[in-house]
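Peer 1: Next comes the sequence, and after it the predicted model I'd like to discuss.
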Amino acid sequence: MPAVVRATSDFFDQLTNDLLQLRVVAHQRFRPLSAEELNRRPSPSRWSAGQCLEHLNIVGGYYLPSIARRIAQAQARGSKPAATAKQGYFGRRFIEEMRTPASSKAYTSPQRYAPTGTRLPRTVAEVFSRQIDELLRLVLLARQVNANAIRIPNAVFPLLRLRLTDQLEFLVVHIQRHVTQAEAVLVGNGVSTRASAA
């Protein structure tokens, strides 16, 4: 199957829109939660909403600095945006697997990317919100360079280096997956939807 090719502006517009929607969820749904609501687990074997966010924070803590560094290096080299955003074979596979709903196909996170505890402070939601903002900033910067030419080491398989286009899309889809999981936990725990913005 050939690589998927999209207009660069369309690709980054879609990522930006997805992240803006996630930002609203972060501010309106997760930030107002109490520590008890964040930490209530549906069962001993399943993550709480806070643990879903903590997992995303750990993964973001690995990728975001790496992406920022590589974009800065590309800017220093005078990299210019390409007309199209290309998708590689491995990137496409990882993204499609992550799009599979968690209810259909569960994944086991490597231990170093698993949540660090069961009594997480409310700041886990603040950190998540800040990481969404940082990812939005990086997507804006990635528009200004050839994101197809930048390679980002994979967190699980460091010798595998995905295109920045693939890595950014994977991160957004990964966040969407775990936000959906966290919201399902909250609904299952009887936590009502709050309409107040933070």
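Peer 2: In hand now; what should we look at?
Peer 1: Which parts of the chain are helices?
Peer 2: Remark: helices assigned in the chain by DSSP state H are 8-25, 35-39, 49-76, 89-99, 123-142, 164-188.
Peer 1: Just give me the lowest mean pLDDT stretch among those.
Peer 2: Of all the helices of the chain, the minimum mean pLDDT falls on helix 89-99 (a mean of 89).
Peer 1: Residues contacting it, please?
Peer 2: Residues lying outside helix 89-99 but in contact with it, judged by Cβ atoms under 8 Å, 6 or more residues apart in numbering, are 1, 3-4, 87, 105, 160, 162-163, 165-167, 169-170, 173-174, 177. To be clear about C-beta, it is placed using only N, CA and C from the backbone, and glycine gets the same treatment.
Peer 1: Point out the one among the helices of the chain that comes closest to residue 112.
Peer 2: Using Cβ to Cβ as the measure, helix 49-76 is the one of the helices of the chain that comes nearest residue 112, at 7.8 Å.
Peer 1: Could you name the helices and strands sitting against the closest one?
Peer 2: Helices and strands in packing contact with helix 49-76 are listed as helix 35-39, helix 123-142, strand 151-153, helix 164-188; criterion 3 or more Cβ pairs under 8 Å, 6 or more residues apart in numbering; DSSP states H and E.
Peer 1: buried stuff in the second one?
Peer 2: What that stands for is helix 123-142. Going by neighbour count (16 or more other Cβ atoms under 10 Å), the buried part of helix 123-142 is 124-129, 131-132, 135, 138-139, 142.
Peer 1: With stretch 148-158 instead?
Peer 2: Of all the residues in stretch 148-158, those buried under the rule 16+ other Cβ under 10 Å are 148, 150, 152-155.
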